[in-house]
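Asker: Next input, structure requested:
(2 chains)
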Amino acid sequence: MNLQLIQQALTYLIFSAVGAFVWSPLLIKFLYKYNITRRDEFDFTLKGDRNKKIGTPIMGGLLVIITVTLITVFFNWNRESTYVPMGVMGIAALLGAADDLLNIFGKKRRERKISHIINLIKLHKQWYMRLWYIFILPWEIFRKLASMLGSHPGRGIQVHEKLLFQFLAGAVTAWWIYFKLGIFWHSLWMPFDGQPFIGWWIIPIVIFFVMFTANAVNFADGLDGLAGGSLIITFLGLMIISWTEGRVSFTILNATVVGALMTYTYFNVKPARFQMGDVGSLGLGALLAINAIAVNRTMLLPFLGFIFYIEIISVLIQVFCRRLLGKRFFKMAPLHHHFEFHGWSEEKIVMRFWLVHAFFVILAIWMSLYK
Amino acid sequence: MTKTLSLTAEKTIHDYLNLPFTGIYGVRCPYFNNSKLGQRGQLRVLIGKGSPEEIVEEAKIISTQYHKDIFDKNGVFNAHTDHPAEHEQIECIRQFLIENNLGIDCSGFVTHVLQKHFQETNNINLVKKLFITSKKNFCRWLISRLRPIEQIDVNVYANDKNTIVINDLRAIEPGDLVIMLKTGPRKTYNHILLIEEVDGNKIKYAQSRAWPSDGRYGHGVAQGFITINNPEKNLLEQTWEEKNKLNEENETYLEAKQAEVLEIRRIKF
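Answerer: Numbers count the residues shown, from 1 in each chain, chains lettered A, B, ... in the order given. You can find the predicted model right below:
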């Protein structure tokens, strides 16, 4: 075992945690100063006791994103390993930041009916406007589909727009994996089953996992400490897997994330000093996916991100049942709201989810050791 | 001898008349018809097709989601200290239900009751048996398989494939339906009543309805009577009574009178 590497990684972890702790007051001050706080006017999940969350700063995920970016750029920059993961995290985080800010400061979005656009295509007096409406019609149909799945026009970025950006992040990752990392990465590691060659199929698989995981973490960011604590466990697992695989840059990168997340979670446990926001959840979700893919443990992502996947699957099941069967499957979705509805306290849900998540991450580490 | 619906069907009517909330009794289910809002792909309970249990459950979820505090975290009604009288508290819940589009429409009510009735008496799943649409219209057929209760309206019950017309008023039995097609002052809607009980010449019916005189908060599931004075004459020439109002004062009777088609029908299965 490369003890020197783990020692180095732990050094980064400590450095990152302390670094984040040092500048966290600045961030809190900044978020309060510009009133980047949670409002209830467009957040129906703020019920009963949770009403107390109104006024809590969001975008606390910046603490992790900025700390990890700075440490990685200055001390762990490597064009062959950390370059693309940081870029993808940056794209996803920028998207999340735009969403967070628009949710607070943006105006309510207007939703135009498809039939209205078709009428405009037929009737508009300017030919170039008719052409424009023909051009945007497929996009509007895509928006309508997303709307049918539960995306409602609010102030922030809508689901169909997010999907486009996340697809972009996934595509960058897939390009890097397929074209830059070499033929070895055209095989997909399977637990207990070696590495079957899958060729270009790796591209859609990577895109899917990046998009799915980023959104999954986003859904889990609903209770104080839930996403932060679960991400610590996940990145710790990834750090151990990278270490056993001898991937120096990734071991250090994961350790850096764990350190920053520890500070973030310190401030995020109930009652939260700030909340992660989409900037953190989308960015770290994308980074989680790409780091697992980069150490060729893509198929372990459902275990490494167990609680996140359970949360997003609960939403998908709920939407499916609601739209197709007209019934609720869960009382509320994501799953943590279902337990809240059943009277579980926030702390009980969070700690039980951490434990279940930790068990599955340990399972992932155990499986990863079987070559 | 009094003939009634099966016990489970009677219980369903009872539950609509007294929604099974914990901590309060006597909340009558309001009327809600989705035709004005035209919501599609929505929960069936939010489009006027929910069972009593689903309506109660949804009320609790909405109360929790939008922090209305109508119910506590165990789902028990939070007694209103400003309005201690029980009827005021019942009205408080009914207002909450109506403002959140929770209620049942006439065909939804009939479907839920009859489904229980046929399940108990004939071991038949009525909803699966009813003809809703043909396979030629594949999309609609598929939707009717996935969400049958939402697709069953008065026209489905008026379809000869599902029901037969009963012409003899002496032959009316519990479970029969009084169907009114193209009724109302502008002949724009349909309505349906369910025969709940037959006691000699007195017929008890149940329905979900909104009379204009009910105002915004008075409508809902209700019961009434038709006394067959002369079985040789048609239904409109009998005595209709509901809410202590007779014939012309009884708005259900007026609806029946305005209907282009007024029939008594019986499910075939």
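Asker: who's in contact with the closest residue to chain A within the stretch 151-269 of chain B?
Answerer: The stretch 151-269 of chain B approaches chain A most closely through residue B:151 (10.1 Å), counting by CB to the nearest CB. C-beta here means a position set from N, CA and C on the backbone, and glycine is covered the same way. Listed by CB atoms under 8 Å, 6 or more residues apart in numbering or on different chains, the contact set of residue B:151 reads B:132, B:133, B:140, B:143, B:144.
Asker: Helices along chain A, start to end?
Answerer: A:3-33, A:62-75, A:83-105, A:114-123, A:127-148, A:159-175, A:202-220, A:226-245, A:248-268, A:277-294, A:301-304, A:306-320, A:335-341, A:346-368 (DSSP state H).
Asker: need these in JSON lines with mean pLDDT, can you?
Answerer: Formatted as JSON lines, the helices of chain A follow (pLDDT from 0 to 100):
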{"stretch": "helix A:3-33", "mean pLDDT": "94"}
{"stretch": "helix A:62-75", "mean pLDDT": "96"}
{"stretch": "helix A:83-105", "mean pLDDT": "90"}
{"stretch": "helix A:114-123", "mean pLDDT": "89"}
{"stretch": "helix A:127-148", "mean pLDDT": "86"}
{"stretch": "helix A:159-175", "mean pLDDT": "86"}
{"stretch": "helix A:202-220", "mean pLDDT": "93"}
{"stretch": "helix A:226-245", "mean pLDDT": "96"}
{"stretch": "helix A:248-268", "mean pLDDT": "96"}
{"stretch": "helix A:277-294", "mean pLDDT": "94"}
{"stretch": "helix A:301-304", "mean pLDDT": "96"}
{"stretch": "helix A:306-320", "mean pLDDT": "95"}
{"stretch": "helix A:335-341", "mean pLDDT": "91"}
{"stretch": "helix A:346-368", "mean pLDDT": "96"}
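Asker: Look up phi and psi at the nearest residue to residue B:77 once chain neighbours are set aside.
Answerer: Distance criterion CB to CB, 6 or more residues apart in numbering or on different chains; nearest residue to residue B:77, sequence neighbours excluded, is residue B:23 at 3.8 Å. The phi/psi pair for residue B:23 (degrees, to the nearest 10) reads phi 90, psi 0.
Asker: give me the beta-bridge partners of residue B:208?
Answerer: residue B:221 (DSSP bridges).
Asker: How about the residues of the stretch 101-250 of chain B by chain A?
Answerer: B:146, B:147, B:149, B:150 (CB under 8 Å from any CB of the partner chain).
Asker: out of those residues, who has the most neighbours?
Answerer: residue B:150 (23 neighbours; other CB atoms under 10 Å in any protein chain shown).
Asker: Might you report the residue contacts of residue B:258?
Answerer: Residue B:258 neighbours (CB under 8 Å, 6+ apart): B:180, B:183, B:184, B:185, B:187.
Asker: State the distance from the second one to residue B:34.
Answerer: Per CB to CB, to the nearest Å, residue B:183 is found 18 Å from residue B:34.
Asker: Looking at those two, which is more packed in?
Answerer: residue B:183 (22 against 19).
Asker: residue contacts, that one?
Answerer: Contacts of residue B:183 (CB under 8 Å, 6+ apart): B:189, B:190, B:191, B:255, B:256, B:258, B:259, B:260.
Asker: make it 6 Å
Answerer: B:191, B:255, B:258, B:259 (CB atoms under 6 Å, 6 or more residues apart in numbering or on different chains).
Asker: can you check residue A:289 too?
Answerer: A:209, A:210, A:213.
Asker: Go again with 10 Å.
Answerer: Applying CB atoms under 10 Å, 6 or more residues apart in numbering or on different chains to residue A:289 gives the contacts A:85, A:88-89, A:92, A:169-170, A:173, A:206-214, A:216-217, A:298, A:301, A:304-305.
Asker: Same check on residue B:45?
Answerer: Residue B:45 sits in contact with A:326-328, B:32, B:51, B:53-59, B:61, B:101-104, B:108, where contact means CB under 10 Å, 6+ apart.
Asker: now do 6 Å
Answerer: So residue B:45 contacts B:54, B:55, B:58 (CB under 6 Å, 6+ apart).
Asker: for residue B:220, same thing?
Answerer: B:28, B:29, B:30, B:31.
Asker: Around residue B:148, how many other residues sit close by?
Answerer: Other residues close to residue B:148 by other CB under 10 Å number 22.
Asker: returning to that earlier point: taking the residues of the stretch 101-250 of chain B next to chain A one by one, which sit in helices?
Answerer: B:146, B:149, B:150.
Asker: returning to what we had before: make TSV from the contacts of residue B:220 and add distance to residue A:320 and pLDDT to it.
Answerer: Shown next, in TSV, are the contacts of residue B:220 (distance: CB to CB, whole Å; pLDDT from 0 to 100):
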residue	distance to residue A:320	pLDDT
B:28	33	95
B:29	28	96
B:30	29	96
B:31	30	96
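Asker: For the residues you listed, pick the one with the most neighbours.
Answerer: Busiest of the contacts of residue B:220 [other CB under 10 Å] is residue B:30, holding 28 neighbours.
Asker: Pretty sure that one sits against residue B:104.
Answerer: No - assessed by CB atoms under 6 Å, residue B:30 is found out of contact with residue B:104, at 7.8 Å.
Asker: Quick check: closest non-adjacent residue to residue A:318.
Answerer: Nearest to residue A:318 is residue A:333, by CB to CB, 6+ apart, at 3.7 Å.
Asker: Counting neighbours, what do you get for the one you found?
Answerer: By other CB under 10 Å, neighbour count at residue A:333 equals 23.
Asker: Look up how far residue A:210 lies from it.
Answerer: As for residue A:333, its distance to residue A:210 is 22 Å (criterion: CB to CB).
Asker: swap in residue B:168?
Answerer: For residue B:168, the distance to residue A:210 - CB to CB - is 70 Å.
Asker: how many other residues sit next to the residue of chain A found nearest chain B?
Answerer: In chain A, no residue comes nearer to chain B than residue A:326, which is 3.6 Å away by CB to the nearest CB. By other CB under 10 Å, 23 other residues sit near residue A:326.
Asker: That one touches residue B:44, doesn't it?
Answerer: Yes - using CB under 6 Å, residue A:326 is in contact with residue B:44, at 3.6 Å.
Asker: one step back: now the residue of chain A closest to chain B: phi and psi?
Answerer: phi 70, psi 20.
Asker: Can you select the buried ones from the contacts of residue A:289 in ChimeraX?
Answerer: Buried residues within the contacts of residue A:289, by 16 or more other CB atoms under 10 Å in any protein chain shown, are selected in ChimeraX with:
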select /A:85,88,89,92,169,170,173,206,207,209,210,211,212,213,214,216,217,298,301,304,305
